[in-house]
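>>> here's a sequence, model it:
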Amino acid sequence: MNVTKDNIDDVTEEFIRCIPTASFVALDLEMTGIHLPPDDSCPRESLIDAPSDRYARMWRKVASRFNVVQVGLTIFTRKKSVESGSGSVAAAAATTSTTDEYEARTYNVFTFPSKGEVVLEGSAVEFLTNNKMDWNAWFRDGVPYLNRTASEELRRKMFPEEEMEADANSAGADDAKDAEAGAEAEAATAPSSEPKPSKPPIALDRPDDVKFCEEAL
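The predicted structure is shown next:
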């Protein structure tokens, strides 16, 4: 099912209804590019790279540089079967069990950035075109989206009351933390009112020590 800005609201209701009860969900992205030219900050990838190393060196920069063309989402739900016998008693005792079959709901969401530049890599464009990518649908009907910085700025403009309330709550939490930290620091430096335990007297058990102390006193 192709999802565009014209039907995204209806499809979102399906997401909300189906995803919580899904057995599992598969997600895939098509992007305008997946490679960067190797340099000192982004060396050429190697087959022996660990996923974490490759992400830190290249994938994060690729995700920041290129745009998402499509989001592929498939929701898998395991089918259930109702087992019942003959007769009213058996029908009343019918049980529901799962099967080895799954129902798959597949969505192909076109996405197009509302702000910022669009960067295309030649090899990625060729690959998508060869696989029947509808570029007109992407440009014309793609679901608009913003990056995190732009979305937070837009939210502040659209809901200033929420932003003021969030700032007030944050300031209150900071004041409470500062007060707690100050109280702990004051308690640590204040003299204790409890009497310090007295040390037991030293008992001399060596004869030479006893004789020395008697002569000194």
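>>> for the chain, just list every one of the strands.
Assigned by DSSP state E, the strands in the chain fall at 2-3, 24-31, 68-83, 95-113, 143-145.
>>> list the buried residues in the third one.
Meaning strand 68-83. Neighbour-count burial for strand 68-83, counted by 16 or more other Cβ atoms under 10 Å, picks out Val68, Val69, Gln70, Val71, Leu73, Thr74, Ile75, Thr77. In short, each C-beta sits where N, CA and C put it, glycine included.
>>> per-residue confidence at the third one?
Predicted confidence (pLDDT) for Gln70: 93.
>>> and the fifth one, by the same measure?
Among the per-residue scores, Leu73 holds a pLDDT of 95.
>>> with the last one instead?
With respect to pLDDT, Thr77 has a value of 93.
>>> doesn't Pro20 make contact with it?
No. The pair Thr77 and Pro20 does not pass the contact test of Cβ atoms under 8 Å, sitting 10.7 Å apart.
>>> hang on, the earlier thing: tabulate the strands of the chain (TSV), appending distance to Glu165.
As requested, those are arranged in TSV below (distance: least, Cβ to Cβ, whole Å):
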stretch	distance to Glu165
strand 2-3	33
strand 24-31	33
strand 68-83	32
strand 95-113	30
strand 143-145	26
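>>> of the ones you listed, which is nearest Trp59?
Among the strands of the chain, the nearest to Trp59 by Cβ to Cβ is strand 24-31 (10.8 Å).
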